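Chemist: My questions are about this predicted structure, shown below with the sequence.
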There are 2 protein chains.
Amino acid sequence: MTLLFNDPADFADEMTDGFAAAYTRFVHRVPGGVVRREGTATGEVALVVGGGSGHYPAFAGLVGSGLAHGAAMGDLFASPSAARVRSVAQAADGGAGVLFCYGNYAGDVLNFTEAQERLRADGVDVRTVLVTDDVSSAPAGSPERRRGIAGDLAVFKLAGAAAARGDSLDDVERLARRANDRTRTLGVAFSGCTLPGASAPLFRVPAGRMAVGMGIHGEPGISDDSLPTADELAALFVDRLLQELPDDVAAPAGGRVAVILNGLGSVKYEELFVVYREIARRLAAAGVTAVDPDVGEFCTSFDMAGASLTLTWLDDELEELWRAPADTPAYRKAPQALTRREHPPAGAAAAEPSAATPGPGSEASRAAASTACAVLDAVAAALDGAADELGRLDAVAGDGDHGIGMRRGSLAAAAAARAGHDRDLGCGAVLVVAGDAWADKGGGTSGALWGTALRAAGHRLGDGDAPTPGAMAAAVADALAAVRQQGGAAPGDKTLVDAFAPFAQELSRGVGGGSLAAAWRAAARTATAAADATADLLPRLGRARPHAERSLGTPDPGARSFAIAMTAAADRLTQLEETS
Amino acid sequence: MTLLFNDPADFADEMTDGFAAAYTRFVHRVPGGVVRREGTATGEVALVVGGGSGHYPAFAGLVGSGLAHGAAMGDLFASPSAARVRSVAQAADGGAGVLFCYGNYAGDVLNFTEAQERLRADGVDVRTVLVTDDVSSAPAGSPERRRGIAGDLAVFKLAGAAAARGDSLDDVERLARRANDRTRTLGVAFSGCTLPGASAPLFRVPAGRMAVGMGIHGEPGISDDSLPTADELAALFVDRLLQELPDDVAAPAGGRVAVILNGLGSVKYEELFVVYREIARRLAAAGVTAVDPDVGEFCTSFDMAGASLTLTWLDDELEELWRAPADTPAYRKAPQALTRREHPPAGAAAAEPSAATPGPGSEASRAAASTACAVLDAVAAALDGAADELGRLDAVAGDGDHGIGMRRGSLAAAAAARAGHDRDLGCGAVLVVAGDAWADKGGGTSGALWGTALRAAGHRLGDGDAPTPGAMAAAVADALAAVRQQGGAAPGDKTLVDAFAPFAQELSRGVGGGSLAAAWRAAARTATAAADATADLLPRLGRARPHAERSLGTPDPGARSFAIAMTAAADRLTQLEETS
C-alpha cells in the first residue's frame, strides 16, 4: 500500500514537483506536466505522451533525448485534462508538428482529442497514435478495443528515435503506428495497490491466485488461475504472445523481437530475472532472437504485484530505432559507439576453480571416507530438520537465514563427499571437497567457517592411514584452530566457537577411552550445554551485523547448529559402531 | 512477498542465469558472478563489488562501463564464498590490480578477505575499501562498526569513475576511501520481505509504525516511531544527515552533495518523489546543493517497504567523478557531451493557459451566479459524501477512482465558481470557470464531460439576463448535446448520458409549471430511476476501459453520480425557493 504522502489530495502535484526537482537535468516543469530540459530542437517532431499518474516511469520518467519530448500528467490513474495536454504540447512543439502517443483509454482519448482539436485550431499539426498492446483486453481482430499497457514504452521508444533522427511528422506517425501494430503484451496480477489515503486496495486477487490479463488499474482479465511457478508464467507469456504474429511475420522462427519484461511494482527484479531465464530459453527454442531485452519496472501501478511481457516484432528499420540511444530519468540506452565486443573477456577461461585433483586414498582411508559420508548425511538431515528453528533463532538479531544457509551448505557437503567417495578419494580428500562445497553453497559466515573446519580436518587426516580416535580428535582441534584464526572469534563472543571449543576439548579427553562414538557423544553433550549457555545477554557476532559489531545478543544460532550437527554425528557414529 | 520462483533452492542461480541472459550486452557470466562483457581494459584497475543476492540492482546490476568491473554474487542475503569472489576477481583483473569494495558485514568480510589473501598469494595486488555509510548502525566515532547500505552505489560510482579515467590502484583505493568517509545514509523500514518459499516475512514492523535505522536484512534499528507523513520523513532524513558532516566540512551551507533517495522495494517511485520534494526544499534551505540526485531503487531488499537517503559530500574531484558517464544494466549516466542547457525551453512561457477574462455580469446574472455557487457547493458536498460508494461501484468494472475524481472535480468547480462570483462574474461565466476547473482537477472521462456540460450551459446562459426556468432547461439541453458530441455515447451505452438524457427531457417538460426547483426535483427523480436501470447487464463505457470497448457491464457510476448530483441540486434549489 501507499505509505508515504501528505494530504492525499495534493499527492499528484507534490509528486510532480519532486520529480521535476530531482531531474532538472532532464526535464522542465510546465503547466500540466513536463517537457525536456533542453526543449525540442527546431524542426524536430515533438512526441508528447501522457496519461494518469501512478505508473512511473510512465510517463514523465520517459521524457528525454531519444524518447518523449513531453508528458502530460493527470491525477492518480486519471487522464490529464485537455487543458493540461494542450499546455504540454505547446511547450514541446518545435515547429515540426506534434505526435500524441498514449494508451487507449476512454478518458485519455477524450482529453487528448479535445486538445488535438484546439491545437489544430491554433495551426499546430497534431497526429495521434494510440497504443493498443494488451492482447487480453480484446480479440486480435479488434485492436481499437485493446488497452495500452507496458507496450507503451516500445512504441514511444521507436517513435522518439524516429523523431530524433529528423523524420517528418508523417514518417514518425507511420513508424509509431507500425510499432504499435507489431507490439503485443500479456500481463498478470497477484494483488492490487492501495492509493494514497485509501483504506482498501483498488482491487484484490485471492491469495494464491493469478488474474491473467488484468489491466494496470485492475480492469478484469480473461481468466483466473492458480499461482504459477516462474517457469510456468514464462510459458504462459511466451506461448500466448507467439500465437499472435504481425501480418507479415509468417512464423516465429527467424523473428527478431524487442522484449520488455515489466514488473508492476512489488514483483521484484530477482523474480523477474528468474522468469526471464525461461522466457529466453523458450524464445530461443522457437527460433526468435531477443534484441536488447529490458527487465525491470517500466509501467507500474504503485506497488501492485504483477508482471507483463511485451514483444515487438522488429524489422530492420524498427531494430535500428530500438537500438538507438536514449537518455531519460528512467530509461537510457548508450550510443551505438559503446556497442560491446561479443566475446568473453580474456580472464574468463582462467576463472574456473582450479582444484588440484587428489589421487585415490588407501583402502583404510577409503573405508573411513565411507564413514565420513554417512556422518555428513546425518548432519545434513539434522540441519535440514532444524532449519526453521535455526532461522527463527537467527531472526532475533541477525537476518534469519542461518537455517537456510546451514541446510544448503551441509547438503552440498554431503553430496560432494559422496561424489568424492565414488571417485575413490580417501577420508582426508573427502572432507576437503566437502568443505569446499559447504563454503561455496552455504555462503555467508557460517559457510566459510564450516568449510574451513572441514578442510583443516581433512588436511590433518590425509588419505593414507585409517584415522584413529586420537587422530580424529587432533583433526577436530586443527579445525577449531582454523576457524578461530579465520573468524577472529574467541570463546565468549557468542559464535559457534563457544560450542566448538568445549566440544574439541571434551573429544580430546574422551578418545582415550577407545570408542570414538562414545567420546563424540560426550563431546556433543558438552557442545549442547554450551550452546544453551549462549542464550545469555552477551555479545555475539552475527552474519548480517557489521564486521566489528559486538552487540548485546541473543541465543547464538551458530553454536546451536554446531551442537545439532555434532549430536547427529554422534548418533550416526554410535549406530555404525554398533553394527560393525 | 516473493511470488515467482521454481525450486527455492535454485532461486539465486536461476536469477543469475536470467540476469546474464537479459543483459548479455553488459555482462558475461563467470563462476561466482558476472564481469563486464568487454572485460577490463589492460592496465585498468578492476573494481570488484559483491555480496548476498536479493538487493538488485546491487550488485550485478551495477557492472558496466564507468562503474564496477565485476560482481561476486552470493546466495540470497548470504555472502559469496571466497572461491566465488576469487573467481570473479580473476576474470575481472586487467593486470593493474583489483579493488574490493562491499558493505561491511561479517560474512562478506570473512570471504572477501580470504579471497584477497589467495589472490595476493597468486601475485595479484588486491585492496579493500569497506562501505560503512549506515549512520544508525553505530556512532560516528566507530565507522568500522557501521554497515554498508545504499551508500554502496555512491562509493562504487566514484571508485569506478576513477578506475575508468586510468587512476592507479593506489589512487582508486584512496578515492574510494575518501568517498566512503564522506557518505552517510539513514534508512527506515515499514515491513519486511518474504524470501522465496518462506512461509513468513524475515521480519515484521507493526502496522502504522516505522523502524528507524533498520538494516536491509531487518537488522534492528535505533528507534521505533509512528508512520510519518512524506514531509516528516524528509525532515527526519535531512536533519539527521546534516548533523554528521565530514571532518573538512565546517557547516552544511555551501556544501555540494550527491543524493540518492532509495526505495527498498515496495515504497514506490511516486512516494519517493513526494518525499524528495521536501528533501530538496530542506537541502536548499540549508544552503546545500544537490548534484545529479538519483531517486529510485538502487539497493533493495526484495519487496521490503522502506526507504533511505544517502548524502555524499563532494569536493571538486569527487564531483567530477560523480558526474562522469556510466552505463550498466541498472544505472547509467550520459557522457558530459550531453549536458543540458540550463534554460527553459522557448515554448514554456507560452504554455500558461490563456483564459480570456470575462467582464462583470449584470446584477440579475450575478444574483443567479450566487444561486449557482450554492448549488455547486451542495453538489460537491453530496459527491464528497458519495465518493466511497461511487468508488466501489466503479471498481467492479473500472478502476475504482470515479468517486475520487468526482469529488476532486466538483470541489474544484465549486471553489472556482465562488472565486468567479467574488470577481463579480455573471452566472454564465461562473459556470464556464467552474467547468474549466472540473475538467482540469477532476481529470479522466468524467472530468472532461462535466467540464464540457458546465461550459456549454454557461455559454447558453450568458451574463446578462436573469436565467428563467425555461432558459435553464435550454442550457441543460445544450449541456447534454455537448456531452453526447464529445463522449460519443448514446442512451443505452451505460454512461452518464443514460441519466442525463431523461433528466433534460423531464426538466424541459416541467419548467412550464413555473418552479425551477419543482421541475428540477422531478427531473432528478427520473435521473435516479434511470441510473438504477443501468444496473442491468448491458454495455457500458468505463474510464479505464479501452476507448472503443463496450463490454458486458455493471451499474454505471457515471449515471449514478449524475443522479446524486442532480438530487443534491434539487434539494438546494428547493431550500432557496422556500427561503426567498
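Modeler: All right, it came through fine.

Chemist: okay, now residue A:569: neighbour count?
Modeler: Residue crowding around residue A:569 was assessed by other C-beta atoms under 10 Å in any protein chain shown; the count is 22. C-betas here are computed from N, CA, C, even on glycine.

Chemist: what's the distance between it and residue A:457?
Modeler: 12 Å (C-beta to C-beta, to the nearest Å).

Chemist: Kindly report the same for residue A:270.
Modeler: For residue A:270 relative to residue A:457 (C-beta to C-beta), the value is 36 Å.

Chemist: tell me the domain ranges of chain A?
Modeler: The record's domain parsing of chain A by automatic domain parsing lists A:8-195+A:206-246+A:253-334, A:363-579.

Chemist: what would the ones you listed look like in TSV with mean pLDDT?
Modeler: As requested, these are exported to TSV (pLDDT from 0 to 100):
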stretch	mean pLDDT
domain A:8-195+A:206-246+A:253-334	96
domain A:363-579	85
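
Chemist: Save those domains as JSON lines, and put in distance to chain B too.
Modeler: Output for these, formatted as JSON lines (distance: least, C-beta to the nearest C-beta, whole Å):
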{"stretch": "domain A:8-195+A:206-246+A:253-334", "distance to chain B": "3"}
{"stretch": "domain A:363-579", "distance to chain B": "3"}
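
Chemist: can you put the ones you listed in TSV and add distance to residue B:128?
Modeler: Listed next are those as TSV, based on distance: least, C-beta to C-beta, whole Å:
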stretch	distance to residue B:128
domain A:8-195+A:206-246+A:253-334	26
domain A:363-579	11
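
Chemist: Figure out which of those domains is closest to residue B:491.
Modeler: domain A:8-195+A:206-246+A:253-334 (17.2 Å; C-beta to C-beta).

Chemist: outside of stretch A:230-250, which residues touch it?
Modeler: A:135, A:140, A:181-182, A:184-186, A:188, A:210, A:212, A:228, A:251-252, A:255, A:271, A:274-279, A:281-283, A:286, A:288, A:307-309, A:311, A:313, B:4-6, B:14 (C-beta atoms under 8 Å, 6 or more residues apart in numbering or on different chains).

Chemist: what's the burial count for residue A:199?
Modeler: So residue A:199, with other C-beta under 10 Å, has 8 neighbours.

Chemist: and it, which of the three is it?
Modeler: Secondary structure for residue A:199, judged by DSSP: H, G, I helix; E, B strand; the rest coil, is coil.

Chemist: Residue A:524 versus the residue lying farthest from the centre of chain A, what's the distance?
Modeler: Within chain A, the residue lying farthest from the chain centre (C-alpha atoms, centre = their mean) is residue A:513, at 54.0 Å. Note on residue A:513: its distance to residue A:524, by C-beta to C-beta, is 15 Å.

Chemist: Likewise for residue A:309?
Modeler: Taken as C-beta to C-beta, the span from residue A:309 to residue A:524 is 53 Å.

Chemist: Same question for residue A:98.
Modeler: Noted for residue A:98: a distance of 78 Å to residue A:524, by C-beta to C-beta.

Chemist: Looking only at neighbour counts, state which of these two leads.
Modeler: More crowded of residue A:98 and residue A:524, by other C-beta under 10 Å: residue A:98, with 29 against 25.

Chemist: Report the beta-bridge partner residues of that one.
Modeler: Listed beta-bridge partners, residue A:98: residue A:46, residue A:126 (assigned using DSSP bridges).

Chemist: show me the contacts for it.
Modeler: Residue A:98 sits next to A:45, A:46, A:47, A:48, A:89, A:92, A:119, A:124, A:125, A:126, A:127, A:169 when contact means C-beta under 8 Å, 6+ apart.

Chemist: ok, 10 Å please
Modeler: A:40, A:45-48, A:69-70, A:88-90, A:92, A:115-116, A:119-120, A:124-128, A:169, A:172 (C-beta atoms under 10 Å, 6 or more residues apart in numbering or on different chains).

Chemist: So which of those are in helices?
Modeler: Of those, the ones assigned to helices by DSSP state H are A:88, A:89, A:90, A:92, A:115, A:116, A:119, A:120, A:169, A:172.

Chemist: one step back: put the buried members of the contacts of residue A:98 into a ChimeraX selection.
Modeler: Filtering those down to the buried ones (16 or more other C-beta atoms under 10 Å in any protein chain shown) takes a single ChimeraX command:
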select /A:40,45,46,47,48,69,70,88,89,90,92,115,116,119,124,125,126,127,128,169,172
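
Chemist: Residue A:308 contacts residue A:133, correct?
Modeler: Yes. Counting by C-beta atoms under 10 Å, residue A:308 sits close enough to residue A:133 to count as a contact (9.1 Å).

Chemist: List the buried residues of stretch A:201-211.
Modeler: Within stretch A:201-211, judged by 16+ other C-beta under 10 Å, the buried ones are A:201, A:202, A:203, A:205, A:210, A:211.

Chemist: repeat for stretch A:317-326
Modeler: Buried, per 16+ other C-beta under 10 Å, within stretch A:317-326: A:318, A:319, A:321, A:322, A:323, A:324, A:325, A:326.

Chemist: next one: stretch A:67-85
Modeler: In stretch A:67-85, counting by 16+ other C-beta under 10 Å, buried: A:67-85.

Chemist: Between residue A:569 and residue A:457, which contacts overlap?
Modeler: residue A:372.

Chemist: now the lengthiest helix in chain A: how far from the chain's centre is it?
Modeler: Assignment by DSSP H gives helix A:363-395 as the longest helix of chain A. Using C-alpha atoms, centre = their mean, to the nearest Å, the distance from the centre of helix A:363-395 to the centre of the chain it belongs to is 30 Å.

Chemist: tell me what whatever helix or strand comes next after that helix is packed against?
Modeler: As assigned by DSSP states H and E, the chain's next helix or strand after helix A:363-395 is helix A:402-422. If you count contacts as 3 or more C-beta pairs under 10 Å, 6 or more residues apart in numbering or on different chains; DSSP states H and E, helix A:402-422 packs onto helix A:363-395, helix A:427-437, helix A:444-461, helix A:557-579, strand B:70-76.

Chemist: Of these, flag the one that's most buried.
Modeler: When the helices and strands packed on helix A:402-422 are scored by mean count of other C-beta atoms under 10 Å in any protein chain shown, the highest mean neighbour count falls to strand B:70-76 (a mean of 30).

Chemist: From the centroid of chain A, which residue is nearest?
Modeler: Geometric centre of chain A, nearest residue: residue A:270, 0.8 Å, by C-alpha atoms, centre = their mean.

Chemist: Does that residue belong to a helix, a strand or coil?
Modeler: Following three-state DSSP, the label given to residue A:270 is helix.

Chemist: Please look at it and residue B:52 and confirm they touch.
Modeler: No. In this structure, residue A:270 is not within contact of residue B:52 by C-beta under 10 Å, at 11.2 Å.

Chemist: where do the contact lists of these two overlap?
Modeler: Shared contacts of residue A:270 and residue B:52, counting by C-beta under 10 Å, 6+ apart, come down to B:12, B:76.

Chemist: hang on, residue A:295 in a helix?
Modeler: No. Counting by three-state DSSP, residue A:295 is not found in a helix; it is strand.

Chemist: Please tell me how far the residue farthest from the centre of chain A sits from residue A:507.
Modeler: 11 Å.

Chemist: Now for those two: what residues contact both?
Modeler: With C-beta under 10 Å, 6+ apart as the test, residue A:513 and residue A:507 both reach A:469, A:519, A:522.
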